[in-house]
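Peer 1: Any chance you could fold what I've pasted below:
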Amino acid sequence: MDAIYTTLGIPFGYVLRFIFEAVDNYGLALILFTLFARLLMIPTSIYQTKGTVKTQRLQPKIRRINAKYKGDQKKIQEETQALYQREGHNPMNMGCLPLAIQFIIIFGLIGVIYHPLKWALAIDDTTINSLTEIAKGLAEYNAKTGKQTIELFVINHINEIRPIALSKGISSGVIDSIANFNFTFLGIPLGEIPSIKEPGILWVIPILSGLTSLATSLFSMLQQRKNNPEMAKNPTMGCMTFGMPLFSLYFTFQFPAGIGIYWIVSAIVRMVQQVFINKHLSKISVDDMIEKNKEKAQKKK
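Peer 2: Just a heads-up that it's a prediction; the model follows:
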């Protein structure tokens, strides 16, 4: 996983560094980065919403297929698949792409959060390696610190590292830039991981993450009930509505608070995006979208 975080962190690292240098506030930079990431995902969000609307439009035809071939599951699957091909629609593609992009961004951001010396302060790799080697010799260092969080350890113990670093020829300017680096947001240390066993200010992140995810899920459920009452009765809808907030709560207890900031802001922006997308799509004829897909499917044949 370290290799994945590091590789995906390269492009996102440059973006976050650019934003950080512009605003000089790491927490604000994370929020602006989230807005940037969500803007990149607008096309996939529109695609996903259109796919949902098309699926809803085809539900009466699917119900007729189920009634006509009741008891013959193989025939139902064949006829349903044929219907999707005629209509130029693939419901399996609706949720996969946005989810895949979301996790690519998260993994890349994890790689950036774990390496603030490289991506925020633009310190060269040779100096970072020297600082981490010094850090490993401190009494406070232990094996649990690990490769991922070693740069966070350097930031938190820069005063103990300073005299040794200076003696090894590392410039005082680099040491001062680390010492003055504010790796917090509204008093929350962005590099620390919330602990279930230790209540404190870090618990704000998982709680807000769970609440914002719940609000987004409830909004989606209400939209589903409005647009397709029959599908909304599906028990899996309830599982998703309350399952995702629980996953968000768990997820933000596993990674540094900076990841939680991204997760919270992303949920809020996603809900606002969905309001505008739904408003836009409500003006578009669903039948027109179906007809266009039919034409595309016929051209492929």
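Peer 1: Tell me, how many residues neighbour Q48?
Peer 2: Other residues near Q48 come to 20 when the count uses other C-beta atoms under 10 Å. In short, each C-beta sits where N, CA and C put it, glycine included.
Peer 1: Work out for me the element it sits within.
Peer 2: Using DSSP states H and E, Q48 falls within helix 42-68.
Peer 1: Show me what that helix is packed up against.
Peer 2: Counting contacts by 3 or more C-beta pairs under 8 Å, 6 or more residues apart in numbering; DSSP states H and E, helix 42-68 packs against helix 73-87, helix 93-113, helix 229-232, helix 257-281, helix 286-300.
Peer 1: and it with helix 257-281, angle?
Peer 2: Interaxial angle, helix 42-68 versus helix 257-281 (axes from the mean of the first three to the mean of the last three C-alpha atoms, to 10 degrees): 60 degrees.
Peer 1: where are the low-confidence patches of the stretch 201-301 of the chain?
Peer 2: Flagging of the stretch 201-301 of the chain using pLDDT under 70 yields the residue ranges 224-240, 280-301.
Peer 1: surely F219 meets V272?
Peer 2: No: contact criterion C-beta atoms under 8 Å: F219 and V272 do not qualify, at 10.1 Å.
Peer 1: Which one's more surrounded, the two?
Peer 2: Shown here are F219 and V272; by other C-beta under 10 Å, F219 has more neighbours (16 against 12).
Peer 1: Roughly how far does the spatially closest residue to that one that is not a sequence neighbour sit from F185?
Peer 2: Excluding its sequence neighbours, the residue lying closest to F219 (C-beta to C-beta, 6 or more residues apart in numbering) is M271, at 5.5 Å. Separation of M271 from F185 (C-beta to C-beta, to the nearest Å) stands at 21 Å.
Peer 1: okay, now D125: neighbour count?
Peer 2: By the criterion of other C-beta under 10 Å, D125 has 9 neighbours.
Peer 1: One more: F20?
Peer 2: 22.
Peer 1: One more: G173?
Peer 2: G173 has 8 neighbours, counted by other C-beta under 10 Å.
Peer 1: And the strand or helix carrying A22, what's buried?
Peer 2: In this assignment (DSSP H and E), A22 forms part of helix 2-23. For helix 2-23, the buried set under the neighbour-count rule, 16 or more other C-beta atoms under 10 Å, comprises 5-6, 8-9, 12-13, 15-17, 19-20.
Peer 1: before we move on, what about stretch 211-223?
Peer 2: Buried positions in stretch 211-223, judged by neighbour count with 16+ other C-beta under 10 Å: 212-214, 216-217, 219-221, 223.
Peer 1: where along the stretch 101-250 of the chain do the strands fall?
Peer 2: Taking DSSP state E, counting those that start in this stretch as the test, the strands found in the stretch 101-250 of the chain are 184-185, 188-189.
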